[in-house]
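# Sharing a sequence plus its predicted fold:
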Amino acid sequence: MRNFLEEEKQRYIGYKATSGHLPDEARVPGIYKSRPREFCLPQHLAALNLYDGIRDDVQSYFREFEIKWHDGRDRNPSNHLCDSQVCCVNFLYSFSRHPDALAALLRPVFPTVKSMLKLERDDGYVSHEWIGKENYLGEKLPRHGKRTRGANFTSADAAVMFEEVDGSKHFVLIEWKYTETYPTVNLKYAKSGTDRTSIYRHLYDRDDCPLDKAATETFDALFFEPFYQLMRQQFLANEMEKAKECGADRVSVLHIVPARNVAFNRVTSPGLVHLGDTAIDVWKRLVTNPGRFHSASVEHLFGRFDIGSHPGMQAWWEYTASRYPWFNQIAT
């Protein structure tokens, strides 16, 4: 299979050398995992990994809600240009100030969107690293008793909520992928020796489990990425819906991954290979209510977005088209 990560690393070497969004001091290799990497920014310039039109705003938002940057230092994002969390923020955060554009973006997946609803800020329509208002999954709390968004707890990369044409409220947890691929590694046991099945077993055993337990054969079959993440996201959505979090009538998961990342779709769990040819096909087969799981490629979701109807987002479009040029090169 084509290695999308290696393709992106090579492309970013050229991007760093020529991008008008980077100063000359950012064009040198950055240190990442103790080694200089041409596809990384210097650590002290890691904030330049973010689109300049949102940089100050998004960093203020992450500080306000104590959200952790994956692989980041000193309250800055990762300096790796292929970072998935940064990619998610660069694509979605600008829509938090443009609810009409966000509704238009989502309608190909959710055709009954009427209007977007605010979540945790007066002027914000996209949230990041959502963990739910309660510890619905029963995940272990740290000594200080406070959960952390973006670290150590099941977190949706982004979250949105909208009113449907029938007046109901729909909350969507967004799981975002970029260059990730996964080997066949059983994650049943953590490095600490903890049996992870003991953490989530109570959710799997419930009568209202959102997954087809007969099809999985064993609970252990779900503890291979990306299914382990998808399982937790689906459990979180199910518990949030029962609790009517934020007044939501339904809560679903939207999975977004570049179509170019062909290798992501490999079915890694030996116990699930009989359910479909791709990871997403398998998950659609496992989720009992098809209205609670949706998937889209970055290319089809954003590449078909009508930027001409939303001139206020033109600067974001131009940045994104230069930073991630593959997103609007939709295959026929």
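Nice, I can see it.

# name the helices or strands packed onto the strand or helix carrying residue 280?
Counting by DSSP states H and E, the element that carries residue 280 is helix 279-286. Counting contacts by 3 or more CB pairs under 8 Å, 6 or more residues apart in numbering; DSSP states H and E, helix 279-286 is packed against helix 213-216, helix 227-243, strand 250-257, strand 293-297. C-betas here are computed from N, CA, C, even on glycine.

# If we use 7 Å, what do you get?
helix 213-216, strand 293-297 (3 or more CB pairs under 7 Å, 6 or more residues apart in numbering; DSSP states H and E).

# among those, which is the most enclosed?
With neighbours defined as mean count of other CB atoms under 10 Å, the helices and strands packed on helix 279-286 peak in mean count at strand 293-297, which reaches a mean of 19.

# Quick one: mean pLDDT for the next helix or strand after that one?
Using DSSP H and E, the helix or strand that directly follows strand 293-297 along the chain is helix 298-303. Mean pLDDT, computed over helix 298-303, is 96.

# Now for this protein, the helix or strand with the poorest mean pLDDT.
The weakest-scoring helix or strand in the chain, judged by mean pLDDT, DSSP states H and E, is helix 213-216 (a mean of 92).

# residues near the nearest residue to residue 85 once chain neighbours are set aside, how many?
Here the nearest residue to residue 85 in space, its sequence neighbours aside, is residue 70; by CB to CB, 6 or more residues apart in numbering that works out to 4.5 Å. For residue 70, the count of nearby residues is 16 (other CB atoms under 10 Å).

# returning to that earlier point: for the least confident helix or strand of the chain, name the packing helices and strands.
helix 279-286.

# Residue 307 touches residue 318, doesn't it?
No. The pair residue 307 and residue 318 fails to qualify as a contact (CB atoms under 7 Å) at a distance of 9.2 Å.

# The residue nearest to residue 85: what secondary structure?
coil (DSSP: H, G, I helix; E, B strand; the rest coil).

# Now do the same contact list for it.
78, 83, 85, 150 (CB atoms under 7 Å, 6 or more residues apart in numbering).

# The second one contacts residue 76, correct?
Going back to what we said before, that points to residue 83. No. Using CB under 7 Å as the test, residue 83 is too far from residue 76 to be in contact (11.3 Å).

# So for these two, which residue has more residues nearby?
Between residue 83 and residue 76, counted using other CB under 10 Å, the more crowded position is residue 83 (22 against 19).

# okay, that one: pLDDT?
98.

# Spit out the contact partners of it.
Contacts of residue 83 (CB under 7 Å, 6+ apart): 49, 70, 71, 77.

# What are the contacting residues of the helix holding residue 280?
211-212, 215-216, 226, 230, 255, 264-267, 272, 275-276, 293, 295.

# Counting neighbours, show which residues of it come out buried.
279, 280, 282, 283, 284, 285, 286 (16 or more other CB atoms under 10 Å).
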